[in-house]
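J.: would you be able to build a 3D model of this:
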Amino acid sequence: MTRAIASLAILMLISSRALGQVHGASQTGNGFLQTCSRNAAGTFQTGCISYFAGIADTLVQIELTKPQRDQRFCLPLGVVYGQMMDVTLDFLRKNPSVRHQPTPQLVWTSLVQAFPCSK
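T.: Numbering: from 1, shown residues only. I've put the predicted structure just below:
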């Protein structure tokens, strides 16, 4: 039991360090694109999905507090974090002139463009 708790504590420390490194390097679109693009194996760097999920979840919750007519993006059923992250990374590659902006703002903009609400 003690060994399991120690192992869990070490895993949490390693994960929090990785997430902290991702957050620090990814505060703008430039850093996010560089740090969180898929590698040659087609996977994301450790911590990138967690960092992105935190941003995306917050943005979704903000949208859900608005009346439906004022919501700017509406995620279709079945959309997953990896898909939303691909949408954001694609947006950043196609719009280099805005990459200096904060990552959360760019995630929001990419989701609005990719998943607009039907009015």
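J.: need the contact list for P116.
T.: R72, F73, C74 (CB atoms under 8 Å, 6 or more residues apart in numbering). All C-beta atoms are positioned from the backbone trio N, CA, C, and that covers glycine.
J.: burial of the second one, as a residue count?
T.: A count of neighbours around F73, defined by other CB atoms under 10 Å, yields 18.
J.: and for S97?
T.: If you count neighbours by other CB under 10 Å, S97 ends up with 6.
J.: tell me the pLDDT of the residue most central in space within the chain.
T.: For the chain, F52 is the residue whose C-alpha lies nearest the centre (CA atoms, centre = their mean; 1.8 Å). Looking at F52, its pLDDT is 92.
J.: again with I14
T.: We have a pLDDT of 42 for I14.
J.: over to R69?
T.: 89.
J.: look at it and say how many residues are nearby.
T.: Count around R69 with other CB under 10 Å applied: 7.
J.: you'd agree it is in a strand?
T.: No: residue state for R69 (DSSP: H, G, I helix; E, B strand; the rest coil) corresponds to helix; a strand is not indicated.
J.: now do it against L33, distance only.
T.: 33 Å (CB to CB, to the nearest Å).
J.: from the contacts of P116, which is closest to Q45?
T.: Using CB to CB, F73 comes nearest to Q45 of the contacts of P116, at 25.3 Å.
J.: mind listing what the closest one touches?
T.: By CB under 8 Å, 6+ apart, the residues touching F73 are L59, E63, W108, L111, V112, A114, F115, P116, C117.
J.: relative to Y51, how far out is it?
T.: When F73 is compared with Y51 (using CB to CB), they lie 19 Å apart.
J.: same thing with Q71?
T.: Using CB to CB, we find Q71 at a distance of 24 Å from Y51.
J.: when these two are compared, which one has more neighbours?
T.: Neighbour totals were compared for Q71 and Y51, and Y51 leads with 24 against 17 (other CB under 10 Å).
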